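Undergrad: Build me a structure from this.
(one chain, ligands or ions: 1)
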Amino acid sequence: MRKMLVHMRTIIKFFSILAISVIIIVAIIAFVYKPTYSVYYKGEFIGYTNDKSGLQNRINEYIKNGDTDLVAFVQIDELPEYKMCLLQKKAQTNDDEIFEKVKASGTAYYKYYAVTEESNEKAYVISKEEAEKIIEGLKDKKSYNKDKIAYIEKYSTDLAEFTDTDTAISKLYVAPPVVTYVNTSYDMNTGPKVELGLNLIRPISGIITSRFGYRGSGSHTGLDIAANTGTGVKAVAGGTVTYAGERGSYGNLVVISHGKGIQTYYAHCSAIYVSVGDKVSQGQIISAVGSTGNSTGPHLHLEIRVNGVAQNPQNYLY
Ligand SMILES: [Zn+2]
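TA: Okay, here's the model as predicted:
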């Protein structure tokens with residue numbers, strides 16, 4: 001009995017020593033090491049972090065918003081992988097480096113605004129408000145192109161060169177034409193030929209389908225020349241484009257001012273290749289034959305007006 005008791009004591013002693021040893025070993029490990037994550041990016045080891053969720057949040061935030069206000073979002077190839085490990089306490093973690101590595105593999109998309117004139121990008125601004133201010137500014141100044149100005153949102157990996165609103169307004173402003181436009185079909189000259197002092201060339205070759213003059217209940221203020229849709233229409237003389245767009249029964253219309261109150265009209269076009277304010281030279285293709293507006297087949301309706309009064313084109317051409 002006594003012998004057995006001694007035996008029991010020995011066993012208890014042994015287990016006590018074992019338990020204490022385990023506690024000491026664990027304490028040493030906990031003192032020297034700490035739980036850490038090793039971080040891999042695209043299969044490559046890039047460092048250690050103690051703060052996995054903090055680092056991942058930082059990366060997520062960067063992907064969402066970038067690091068400047070101009071960045072709309074960031075595309076990165078892939079997310080880092082974390083593997084738990086024990087690391088000596090004195091070993092360095094490098095969250096900043098890991099973040100920079102992931103960031104370097106990303107592509108930032110910038111968001112900004114382009115102010116457009118007939119879908120051509122003319123100026124770039126940072127905010128929507130600035131774009132709207134430019135459009136308002138051109139309206140206030142009654143710029144001739146005010147109805148053709150719009151803006152679009154841009155997402156690009158490149159930053160554009162930005163302009164301030166005043167610079168953009170003065171760059172886009174087009175003064176209204178000086179020549180007054182007389183929109184009366186009956187304001188026609190059927191008298192003697194008015195000298196233009198210009199040598200005109202034919203805008204297209206084709207068959208004359210309707211001549212200038214009074215007809216039936218109305219009048220024909222121009223000359224109709226039939227040609228295939230898409231045929232290039234040439235400017236009859238050099239000048240400045242003072243209208244380019246849709247206008248009622250004319251359909252798509254180009255008006256060129258040649259100075260001294262002389263204007264030529266090119267109507268029913270299928271396409272227009274010039275913009276208001278463009279300087280065009282004689283023979284330059286300005287539009288394409290079509291059948292827009294009040295028209296029954298593809299033809300060019302050509303008008304020659306002097307101070308708004310329609311002249312007979314056949315006094316000069318065809
Ligand atoms: Zn006509």
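
Undergrad: all contacts plus neighbour counts: C-alpha atoms, from now on.
TA: Fine.

Undergrad: What count of nearby residues applies to the closest residue to G261 other than its chain neighbours?
TA: Closest residue to G261 apart from its sequence neighbours, by CA to CA, 6 or more residues apart in numbering: N307 at 4.7 Å. Neighbour count of N307, defined by other CA atoms under 10 Å: 15.

Undergrad: is it true that N307 touches T264?
TA: No - because the distance of 11.1 Å does not satisfy CA atoms under 8 Å, N307 is recorded as not touching T264.

Undergrad: And the strands in the stretch 151-300 of the chain?
TA: Counting by DSSP state E, counting those that start in this stretch, the stretch 151-300 of the chain has strands at residues 207-210, 213-215, 218-220, 223-226, 232-234, 239-246, 252-259, 262-269, 271-272, 279-280, 285-288, 299-306.

Undergrad: export those to CSV and tack on mean neighbour count, mean pLDDT and distance to Y155?
TA: Shown next, in CSV, are these (neighbours: other CA atoms under 10 Å; pLDDT from 0 to 100; distance: least, CA to CA, whole Å):
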stretch, mean neighbour count, mean pLDDT, distance to Y155
strand 207-210, 13, 91, 50
strand 213-215, 14, 73, 55
strand 218-220, 15, 79, 50
strand 223-226, 22, 94, 45
strand 232-234, 21, 97, 36
strand 239-246, 21, 95, 29
strand 252-259, 24, 96, 33
strand 262-269, 27, 96, 34
strand 271-272, 20, 96, 29
strand 279-280, 18, 96, 33
strand 285-288, 24, 97, 32
strand 299-306, 26, 95, 41
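
Undergrad: Indicate which one of the ones you listed is closest to Y48.
TA: Distance to Y48, taken as CA to CA, is lowest for strand 271-272 among those, at 63.2 Å.

Undergrad: Give me the pLDDT for the closest residue to N199 other than its chain neighbours.
TA: Excluding the flanking residues, the one nearest N199 by CA to CA, 6+ apart is A237, at 7.2 Å. Looking at A237, its pLDDT stands at 96.
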